[in-house]
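# Next come a sequence and a model predicted from it.
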Amino acid sequence: MQTINQDLANQAPVNTSLSIIPPLFQQVCVIGLGLIGASLAQAIRDNHLSKRLVAVDRHLPSIEEAIAQGLLDAGSAVLSDVVSGSDLIVIAVPVQAAQAVFSDIKAAMDNGQLATDCIITDVCSTKVNIIEAAQAVFTSLPVGLVPAHPIAGAENSGYHARRSNLFVNHSVIICELPTTRVSAINKLRQLWEAVGATVMPMAAAHHDSILAHTSHLPHLLAFNLVEQLASHNDNLDMFRYAAGGFRDFTRIAASDPKMWHDIFFANQSAIVSALDEYSVYLQDIRQLIIDKDSTALMGLLGRAQAARRHFGHMLASTPYTDTSAMSASYNITPSNTVIGTIAIPGDKSISHRSIMLGSLATGVTHVTGFLEGEDALATLQAFRDMGVTIEGPDKGRLTIHGVGMNGLKPSKTPLYMGNSGTSMRLLAGILAAQKFDSVLTGDTSLNKRPMERVASPLREMGAVIQSTGHNGTSPLSITGRDNVGKPLHGIDYDMPVASAQIKSCLLLAGLWAEGTTTVTQPEISRDHTERMLSAFGYPVTVDGNRISIEGGGTLTGGDIAVPADISSAAFFMVAAAISQGSELTLTQVGINPTRTGIIDILKLMNADITLSNETYVGGEPVADITIRSSNLVGIEIPEALVPLAIDEFPVLFIAASCAQGRTVLTGAKELRVKESDRIAVMADGLQTLGVDCTVTEDGLIIEGQGSNSQSDEVNNSQPVFGGGHIVSHHDHRIAMSFAVASLRASKQITIEGVETVNTSFPGFAELASQIGMNIEVNKGVDNSIDNA
Ligand code: S3P
């Protein structure tokens, strides 16, 4: 048979700068130059991973073209023509043809053309049948056999559709057989990683079952739906009026029928069982429609919609809302004055708790003013994952169909908490008491934050909980009570830090514990959990800093109106205080006394703040807050106020920079374990903008640069900050604080990594612009299609 050879001297694309790294292979032989085979060949060539590259394909024009283009050193339609001396063979033919290829490889081994330990891999979509095909040919499986499957593809197929970067950021599943040499597995892993892929080991049967559900079943359904519509008598109208849904759903039915025919047979048993499972789900939803079961149908549809979004974000560790804001930045040009009356979004802490208690209550809970930010949405998703039907959110409105104290169901996947420490710590308490096992995980930032602070006291209550990250961090693995064999028991716990999250976690666990759970806090921390438990009819005893709860009670659903978040209002309070001629009114902001540290501290700094229209909303005090420009003065912040303003320090540091004289913060070590180390990150940013500050172990000393005018007249016209580039460390409050600094900046401030602003304050930039700030939002790359 004809062998085609390239004139190497003329055409080999050798990159001498890379020749120091020896290629991984002496000769790679790719069998099949379709999309995947040719793309891998191109990636091997471009990345200089093999000294020689040869290919086998029945379609000789492709071989000739590949040689002419410098992709191949040699090629043929027959394996024995080119295979000699190969140390890697890649089988890239349709699954049904694999056995014949194995026979050719065996023949080459038998006649000495190939070493018996040569690495043999494939790129086929099914794995069990590849192993069976090898078994049918070889008496014992070759030590170099590593079945693999790159999860990558493209709309077009064939040699001309090849792309060297097809595998970049895609997964490759490798089946590590017990008969295979470890060095062969490692070398193949190196190859895939060198072409940009992420390698994941998986047993062959598991691979086939996963792919049956995620790829084969959807293709089968798409083909079948087109067939169903095409068979109708009025099929012309059906197709003529088929809208986006039909087109989207059936796009994959344009794929190669022969390939899918082969795959359906090659993975027969896994596909049949995926299909059986699908039929059950189809019957169930059919019945819901017949029964007009609105709650259950809404539950199913809502869960499915949210799960689809959730999986994309979970796998990519990206935020829940507005993926187009990924790696977003703010460019802020200085402005002087802020004026207006604005409504701030709902309180984050109360929004979390409304989902938790609403889900555990009996009856329906209606929530208004719910914060549709990433963090609260993470809590919402977690309860949906545990089977709770939640309608909304729709303009801050939610309807939660409570399942009662024992109605949560195990989530089928780890519960993903995104960036939200509150979700993870409070849920840890709830889940430690449930009958079933759970896993809690979060994004990269959350998975670095301390979780032993809740895990350790929960263990004292009898919980079986492991913080499986490094140094007591998440993922958290929680064993259900059914496996532990007995319920939690109450404890009397002295909290080492004034943390509302630890307190709430233990009180929530205490709802199911035998006896009394008592927590004593060193200082007062926010008390929304205690208030909302009482509002849901669950008795809580508060005796100074000692809070106790008896296990075994029930919660009754009702209406919750979430007030505006004082932590979000804080940015605009400082904005008005530090700028010239400003006056802002923030309507119906929560002024729970455990949250008003920001007002007290700003007042100590001489800020002009008045409260009006004070009333109660859903058991929480609220007021309109009006704040005007003032000559701020530096102060020593009383340590007792620290827990009451714990989230507001980043923006208070901006206020302190604009005050006259020094501000000293002590007793605030907790700031180091928030979404970022807020002491270090703020100090870095302030220094970038020219502010003199000194970091201490538990706080910060800031030399304020406000005017030292003795008159009462407000003089906030001089810039305090220069311009510069700020890195937010993906911490929402850092980003918003430096945005506020722009009101006293001499030049433009750019803030990098502002996508996390959505965790607590969706719409921040729009609101800031509305009152007179000049914020330009640069949205990052939209990855949502890839992630979906
Ligand atoms: C929160 C408590 C605070 C706060 C967080 C929300 C809550 O954390 O920083 O943003 O909702 O309970 P700690 O209780 O750990 O200080």
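The structure has been received and is ready for your questions.
# For Gln718, grab the count of nearby residues.
Look at Gln718: counted by other C-beta atoms under 10 Å, it has 12 neighbours. C-beta here means a position set from N, CA and C on the backbone, and glycine is covered the same way.
# right, I mislabeled it, should have said Ile36
26.
# can you check Lys486 too?
8.
# pretty sure it contacts Gly462?
Yes - counting by C-beta atoms under 8 Å, Lys486 touches Gly462, with 6.9 Å between them.
# how about the helices in the stretch 551-700 of the chain?
566-578, 597-604, 649-657, 678-688 (DSSP state H, counting those that start in this stretch).
# what kind of secondary structure is the residue in the stretch 251-400 of the chain that the ligand sits nearest to in?
Here the residue of the stretch 251-400 of the chain nearest the ligand is Ser349; by C-beta to the nearest ligand atom that distance is 3.2 Å. Assigned with DSSP: H, G, I helix; E, B strand; the rest coil, Ser349 falls in the helix class.
# Which residues are in contact with it?
By C-beta atoms under 8 Å, 6 or more residues apart in numbering, the contact set of Ser349 is 422, 500, 526, 528, 565.
# Between the helices of the stretch 551-700 of the chain, which one is closest to the ligand.
helix 566-578 (7.1 Å).
# Buried ones in that closest one, by neighbour count?
566-578 (16 or more other C-beta atoms under 10 Å).
# Tell me the helices and strands packed up against that helix.
Judged by 3 or more C-beta pairs under 8 Å, 6 or more residues apart in numbering; DSSP states H and E, helix 566-578 is in contact with strand 583-590, helix 597-604, strand 620-628, helix 649-657, helix 732-741, helix 764-770.
# again, only using 7 Å
For helix 566-578, the contact count by 3 or more C-beta pairs under 7 Å, 6 or more residues apart in numbering; DSSP states H and E identifies strand 583-590, helix 597-604, strand 620-628, helix 649-657, helix 732-741 as packing neighbours.
# any residues touching it, and which ones?
Residues outside helix 566-578 that contact it (C-beta atoms under 7 Å, 6 or more residues apart in numbering): 338, 344-345, 348, 582-584, 586, 589-591, 595-596, 598, 602, 607, 625, 627-630, 632, 647-648, 651, 654-655, 658, 716, 736-737, 740, 743-744, 760-761.
# any idea which element Ile702 lies in?
strand 699-705 (DSSP states H and E).
# quick one, that strand and helix 678-688 angle?
Angle, strand 699-705 to helix 678-688, by axes from the mean of the first three to the mean of the last three C-alpha atoms, to 10 degrees: 30 degrees.
# residues in contact with strand 699-705?
Under C-beta under 7 Å, 6+ apart, the answer for strand 699-705 is 634, 653, 656-668, 679, 682-683, 691-694, 720.
# roughly how far is it from the heart of the chain?
35 Å (C-alpha atoms, centre = their mean, to the nearest Å).
# That one: partners in the sheet, and parallel or antiparallel?
strand 660-665 (antiparallel), strand 693-696 (antiparallel) (DSSP bridges).
# contact partners of the first one?
Residues from elsewhere that reach strand 660-665, judged by C-beta under 7 Å, 6+ apart: 631-637, 649, 656, 699-704, 706-708.
# nearest residue to Phe738 other than its sequence neighbours?
Nearest residue to Phe738, sequence neighbours excluded (C-beta to C-beta, 6 or more residues apart in numbering): Ile726, at 4.7 Å.
# cool, Arg397 as well?
Thr368 is the one closest to Arg397 (C-beta to C-beta, 6+ apart), at 5.6 Å.
# which residues does the residue nearest to Phe738 contact?
Applying C-beta under 7 Å, 6+ apart, the residues near Ile726 are 685, 688, 738, 749-752.
# Mind putting those into CSV with distance to Asp291 and neighbour count?
As requested, the contacts of Ile726 are exported to CSV (distance: C-beta to C-beta, whole Å; neighbours: other C-beta atoms under 10 Å):
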residue, distance to Asp291, neighbour count
Gly685, 58, 28
Thr688, 62, 17
Phe738, 55, 30
Ile749, 58, 25
Thr750, 57, 17
Ile751, 53, 26
Glu752, 53, 16
